[in-house]
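Undergrad: predicted model follows, preceded by the sequence.
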Amino acid sequence: MVYLLIALLQYPKTVTLALTLLHFYLRHRLKGRKDGRTGLPFPPGPDGYPIIGNMLDIPSQKAEYAYADLSKQYGDMVYLESMGTKILMLSSVKRTKELFDTRSSIYSSRWTMPMLDAMGFRAYFSLQEYGPAWRRQRQLFHNHFNPTVVDRYHPLIMDETSLFIQDILANPGDFAKRTRSLFTSIILGSMYGIQPKGNDDPFITTPASTMEGFVVASVPGTFLVDLIPALKHVPDWVPGTKWKQIAKYYAGKNIDTRVEPFIHVQGQMKTGCAKPSALLSMLDNLPPVGDPSRDTEIGYAMDTAAVGYLGMVLFIISLLLVSMHPNVQKRAQDELDRVVGFGRLPDFNDRHELVYINALIKEIFRFHQPVPLGIPHATSEDDICDGYFIPKGTVVMGNAWEILHNPEDFPDPFTFNPDRFIKDGKLIKDVGDPTFGFGRRRAY
């Protein structure tokens, strides 16, 4: 003991670090995979290492495949823990419905992700913790974008689609940029009444850049600061803090994405030339200028743009999938020719008669998801499921990719086959939930 005190006086930092590491090591060895308070086991999962826990098991790239491999070994609930961060991955319809739907009051909050916070995404209601503010903003969103209200945007969608087709026919090439322009134009038109000027308009390029950061940072484990939140206090000059530079870059893009369209519309309102949009309708329901919650509620507009951007990604993938399967492309074209004819473009009134094309859309959603793991949920209190203890604050995700590639529900799941959704000439099954989120947090 005397020698320990002498060493502590001579090398205080070294000894303190050693004792801390020893504490975590002994705690890990004694605790195992059980909760220290209740004695109940945590859900199945790989054994971790002292100090770092399962840090090496948490994937940062192609996470949906890595978690699918873990579920084959441990079942449809896989539990990981690293440096205090607890992750629970669900990989079956049964589990996602049981926790996200049946126990939605516990599993509807959001995990605080330091990287997304640093990028400025915490303002958007889809990333806020479950509670009164979230419910109020979600209702505001629903008031302006429920299926009935969305019908008013059909003319805008048809006009932009017509311009898109004419542009592609006149100037083939750079398809991805034109597709981004199409979807962003629809979002900007419906949300703000803004019509962008060309494919390189900042109103188009800035949101796309912002969402690139969101898609990357929304996967737990991509940035170490999400697993070790204390790293956010490390000075910028310390090696290994490049993530701070990345966060600052996207935070700037984020501000421009949210603020610039709003300023543009305000200017149009002053001159009396603002076009009808969701924003004009929404302003009457916003708190007054100066209210701290005003910016938060306005931020839901960016959340809508995020959905539009993800739709754009999915649309590009859909055309890639169709181009890879000429037989699918031909059957879709044949159906269009039969139902619509050759004298006009299809419109929303034709949708119910386009059975194969609707099945094709369902198969696209099933085959590939823009965000395979969705946005992580978090538990708002402790819970017990099948005798397993799930602590408060656990990050809970559903592996939509694995659920939609389950051979029991979708035979031959790695074959692109729209016919799986057709029986006796009618559509069957609905793959909406896993694709667009889970429980109260799903995007519709």
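TA: Here it is on my side, so go on. Numbering: from 1, shown residues only.
Undergrad: what lies in contact with stretch 229-238?
TA: Residues from elsewhere that reach stretch 229-238 (C-beta atoms under 8 Å, 6 or more residues apart in numbering): 112, 114, 118, 224-225, 240-241, 244-245. In short, each C-beta sits where N, CA and C put it, glycine included.
Undergrad: try it again at 6 Å.
TA: 114, 225, 241, 244 (C-beta atoms under 6 Å, 6 or more residues apart in numbering).
Undergrad: try stretch 51-64
TA: Contacts for stretch 51-64 (C-beta under 6 Å, 6+ apart): 24, 46, 48, 66, 80-82, 219, 221-222, 372-373, 399, 401.
Undergrad: buried sites along stretch 376-388?
TA: The neighbour-count check on stretch 376-388 (16 or more other C-beta atoms under 10 Å) flags 376-380, 382-383, 388 as buried.
Undergrad: nope, stretch 161-169 is what I meant
TA: 161, 164.
Undergrad: who touches that stretch?
TA: 178, 182.
Undergrad: same thing with stretch 348-356?
TA: 154, 331, 335, 339-340.
Undergrad: got the end-to-end distance for it?
TA: 15 Å (C-alpha to C-alpha, to the nearest Å).
Undergrad: how far does it sit from its chain's centre?
TA: Centroid separation between stretch 348-356 and its chain, computed with C-alpha atoms, centre = their mean, to the nearest Å, is 29 Å.
Undergrad: then stretch 44-62?
TA: For stretch 44-62, the distance to the chain centre is 22 Å (C-alpha atoms, centre = their mean).
Undergrad: and the end-to-end length of it?
TA: 22 Å.
Undergrad: where are the low-confidence patches of this protein?
TA: Where the chain drops to pLDDT under 70, the residues are 1-33, 133, 284-285, 296-297, 299-319, 431-433, 443-444.
Undergrad: all helices of the stretch 151-300 of the chain, in order?
TA: Applying DSSP state H, counting those that start in this stretch to the stretch 151-300 of the chain gives helices spanning 154-170, 175-192, 202-217, 224-227, 242-271, 278-282, 294-298, 300-323.
Undergrad: name the residues of the third one that come out as buried.
TA: Across helix 202-217, burial judged by 16+ other C-beta under 10 Å covers 203-211, 213-214, 216-217.
Undergrad: what do you get for stretch 362-374?
TA: Per 16+ other C-beta under 10 Å, stretch 362-374 contains these buried residues: 362-374.
Undergrad: which one of the contacts of stretch 51-64 has the most neighbours?
TA: Within these, Asn399 tops the neighbour count with 29 neighbours, counted by other C-beta atoms under 10 Å.
Undergrad: so which of the contacts of stretch 348-356 is the closest to Gly272?
TA: Of all the contacts of stretch 348-356, Gly272 sits closest to His154, with 26.4 Å by C-beta to C-beta.
Undergrad: apart from its neighbours in sequence, what residue is nearest the closest one?
TA: Distance criterion C-beta to C-beta, 6 or more residues apart in numbering; nearest residue to His154, sequence neighbours excluded, is Phe348 at 5.3 Å.
Undergrad: from Leu354, how far off is the one you found?
TA: 11 Å (C-beta to C-beta, to the nearest Å).
Undergrad: one more: Asp35?
TA: 53 Å.
Undergrad: His144 too?
TA: 28 Å.
Undergrad: kindly report the same for Met191.
TA: 28 Å.
Undergrad: between those two, which is the more surrounded one?
TA: Met191 (24 against 18).
Undergrad: I'd say the more buried one and Pro276 touch.
TA: No. In this structure, Met191 is not within contact of Pro276 by C-beta atoms under 6 Å, at 11.2 Å.
Undergrad: adding distance to Gly439, write the helices of the stretch 151-300 of the chain out as JSON lines.
TA: As requested, the helices of the stretch 151-300 of the chain are arranged in JSON lines below (distance: least, C-beta to C-beta, whole Å):
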{"stretch": "helix 154-170", "distance to Gly439": "29"}
{"stretch": "helix 175-192", "distance to Gly439": "25"}
{"stretch": "helix 202-217", "distance to Gly439": "21"}
{"stretch": "helix 224-227", "distance to Gly439": "22"}
{"stretch": "helix 242-271", "distance to Gly439": "26"}
{"stretch": "helix 278-282", "distance to Gly439": "25"}
{"stretch": "helix 294-298", "distance to Gly439": "22"}
{"stretch": "helix 300-323", "distance to Gly439": "17"}
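Undergrad: so which of these comes closest to Ser104?
TA: helix 300-323 (19.7 Å).
Undergrad: contacts for the following helix or strand past the closest one?
TA: Sequence-wise, the next helix or strand downstream of helix 300-323 (DSSP states H and E) is helix 326-339. Outside helix 326-339, the residues that touch it by C-beta under 6 Å, 6+ apart are 322, 350, 353-354, 356-357, 360.
Undergrad: closest to Val265 among those?
TA: When the contacts of helix 326-339 are compared against Val265 (criterion: C-beta to C-beta), the nearest one is Asp350, at 33.3 Å.
Undergrad: please tell me how far that closest one sits from Val339.
TA: Asp350 is 6 Å from Val339, by C-beta to C-beta.
Undergrad: show me where the stretch 301-444 of the chain has strands.
TA: Using DSSP state E, counting those that start in this stretch, the strands assigned to the stretch 301-444 of the chain run over residues 377-378, 383-385, 388-390, 395-398, 422-423, 426-427.
Undergrad: hang on, the earlier thing: out of the helices of the stretch 151-300 of the chain, which is closest to Pro418?
TA: Comparing these by C-beta to C-beta, helix 300-323 comes nearest, at 9.9 Å.
Undergrad: what pairs with the strand or helix carrying Leu80, parallel or antiparallel?
TA: Per DSSP H and E: Leu80 is located in strand 77-82. As defined by DSSP bridges, the strand partners of strand 77-82 come to strand 85-90 (antiparallel).
Undergrad: contacts for the strand it pairs with next, please.
TA: 67, 78-80, 96, 227, 391, 394-399.
Undergrad: for stretch 268-276, same thing?
TA: When contacts are defined by C-beta under 6 Å, 6+ apart, stretch 268-276 is touched by residues 193, 265.
Undergrad: next, the distance between the ends of that stretch.
TA: 11 Å.
Undergrad: what residues of that stretch count as buried?
TA: Neighbour-count burial for stretch 268-276 [16+ other C-beta under 10 Å]: 268, 274.
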